[in-house]
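1. from the sequence below, what's the structure:
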Amino acid sequence: MSFTDAFFALRDEVRNWGRWGDDDRLGTLNLITDGAVAHAASLVRTGRRVSCALDLKHSGGVQIGQMHGRINPLHAMVKIHSPDLGDPDGRGLVAHFSDDIVTMPLQAATHWDGLSHVSYDNTLYNGVPVESIKPMGGATVLGIEHIRHLTGRGVLLDVCAAKGQSRLASDHEVTAEDLDEAAEHAGVSMRPGDIVLVRTGRMQLFREAGAMAYLAGPDGEGTSPGPGLDAVRWFWRHDVAAVAGDTYMLEFFGGLGGDDLLGVHCLHVVDMGMTQGQNWDLEALAEACAEAGRYEFLLQANPEPFVGGCGSPVNPVAVL
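-> Okay, the predicted model is just below:
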């Protein structure tokens with residue numbers, strides 16, 4: 001299990017280190033300019049809003065515990081109807097408060113991966129050493145808090161619909177040709193700074209059969225569809241600012257033991273400096289786009305600014 005010559009050749013082609021300066025902390029999000037956001041705002045026609053987030057919940061959440069520390073959110077109440085300022089007559093006629101607390105990994109459900117989430121060769125994006133991530137304090141250089149806003153033109157590339165399928169097969173590796181086909185199906189021309197959402201239909205398995213089927217496939221085959229190395233070049237060539245998908249890994253996963261395992265993660269995050277998202281529910285958005293006859297929209301997907309965080313939960317909202 002190792003990276004191949006094809007991986008390293010592609011790395012040399014798409015690496016963005018120094019493109020926005022040696023101290024850059026945003027990577028391809030620099031491509032979302034004021035002009036790009038103004039154009040995205042002009043796409044709003046009806047004001048219809050569609051959330052792409054999974055519910056944050058412990059029972060029935062997307063995590064199954066196969067990765068150490070990846071648990072579903074633990075939610076507890078710390079006070080219920082509490083009269084913090086006193087309730088002298090016990091009649092409840094003064095202000096009462098209920099508060100709760102959550103313990104969860106930042107990648108528990110629908111989320112963004114920050115630029116500190118992935119490393120290889122002991123290095124993060126822009127040559128930042130992996131030692132910059134501390135046990136206490138987290139990512140001291142490339143924390144998710146540097147992303148103060150992630151709003152722009154969203155483009156849904158509905159790969160399965162473009163192929164006339166409801167869901168891609170588990171062993172389908174999304175290629176540049178597939179993305180071109182999906183863009184043609186959507187009737188969109190790509191623009192620098194686009195936020196691309198890749199739909200495979202995999203989220204249907206989570207809805208129908210739960211987290212295990214979603215992660216491992218309907219027959220437990222351990223594979224999942226998604227963009228492969230060829231798609232990385234497509235994202236780089238089109239100056240995509242961020243990419244998210246409706247699978248657990250985002251990228252094509254052919255099972256343990258293969259070469260270039262999680263190579264798309266490394267090329268996106270480490271070399272391109274591209275924030276990527278997983279576990280986005282694109283089913284309602286696909287339906288809304290098909291009904292509207294357009295697949296571009298204003299997308300508001302701002303991460304929570306967890307200082308030192310390697311990722312962040314997000315409730316992405318597409319506005320048509």
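2. in whichever helix or strand Glu181 is part of, what counts as buried?
-> Per DSSP states H and E, Glu181 falls inside helix 176-186. If you call a residue buried by 16 or more other Cβ atoms under 10 Å, then helix 176-186 has these buried ones: 176, 178-179, 182-183, 185-186. (Each C-beta comes from the backbone N, C-alpha and C, glycine too.)
3. same check, this time on stretch 236-250
-> When neighbours are counted by 16+ other Cβ under 10 Å, the buried residues of stretch 236-250 are found to be 236, 238, 240-250.
4. export these as CSV, with columns for distance to Gln278 and pLDDT.
-> Output for these, formatted as CSV (distance: Cβ to Cβ, whole Å; pLDDT from 0 to 100):
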residue, distance to Gln278, pLDDT
Trp236, 20, 98
His238, 21, 98
Val240, 16, 98
Ala241, 17, 98
Ala242, 12, 98
Val243, 10, 98
Ala244, 7, 98
Gly245, 7, 98
Asp246, 9, 98
Thr247, 7, 98
Tyr248, 6, 96
Met249, 7, 94
Leu250, 5, 96
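5. so which of those residues is the closest to Arg207?
-> Distance ranking of these against Arg207, using Cβ to Cβ, places Asp246 first at 10.8 Å.
6. so what's the closest one up against?
-> 198-203, 279-283 (Cβ atoms under 8 Å, 6 or more residues apart in numbering).
7. ok, it to Tyr295 distance?
-> Using Cβ to Cβ, to the nearest Å, Asp246 is found at 15 Å from Tyr295.
8. okay, and the residue nearest the centre of the chain sits in which element?
-> Closest residue to the average C-alpha location of the chain: Gly277 at 0.9 Å, with Cα atoms, centre = their mean. Per DSSP H and E: Gly277 is located in strand 275-278.
9. now swap in Trp112 and tell me
-> With DSSP H and E as criterion, Trp112 is part of strand 111-113.
10. do Leu142 as well
-> Counting by DSSP H and E, no helix or strand carries Leu142.
11. for it, which non-adjacent residue is spatially closest?
-> Closest residue to Leu142 apart from its sequence neighbours, by Cβ to Cβ, 6 or more residues apart in numbering: Ser116 at 3.9 Å.
12. so that neighbour touches Glu145, yeah?
-> No. With contact defined as Cβ atoms under 8 Å, Ser116 does not reach Glu145; the gap is 10.6 Å.
13. between the two, who's got more neighbours?
-> For Ser116 versus Glu145, neighbours defined as other Cβ atoms under 10 Å are more numerous around Ser116 (26 against 18).
14. show the pLDDT at the more buried one.
-> The model reports Ser116 with a pLDDT of 98.
15. do a quick rundown of the helices in this structure.
-> Remark: helices assigned in the chain by DSSP state H are 5-14, 34-41, 159-162, 176-186, 203-209, 211-216, 229-237, 263-265, 283-292.
16. contacts for the longest one, please.
-> Here helix 176-186 makes contact (Cβ under 8 Å, 6+ apart) with 155-159, 161-163, 189-190, 198, 227, 230-231, 233-234, 289, 294-296.
17. please pick the buried ones from those residues.
-> Neighbour-count burial (16+ other Cβ under 10 Å) applied to the contacts of helix 176-186 gives 155-159, 161-162, 190, 198, 227, 230-231, 234, 289, 294-296.
18. quick one on the thing from earlier: can you check which of the helices of the chain gets nearest to His149?
-> Of all the helices of the chain, helix 34-41 sits nearest to His149, with 8.7 Å by Cβ to Cβ.
19. now do the closest one: distance to the chain's middle.
-> Relative to the mean C-alpha coordinate of its chain, helix 34-41 is positioned 21 Å out (Cα atoms, centre = their mean, to the nearest Å).
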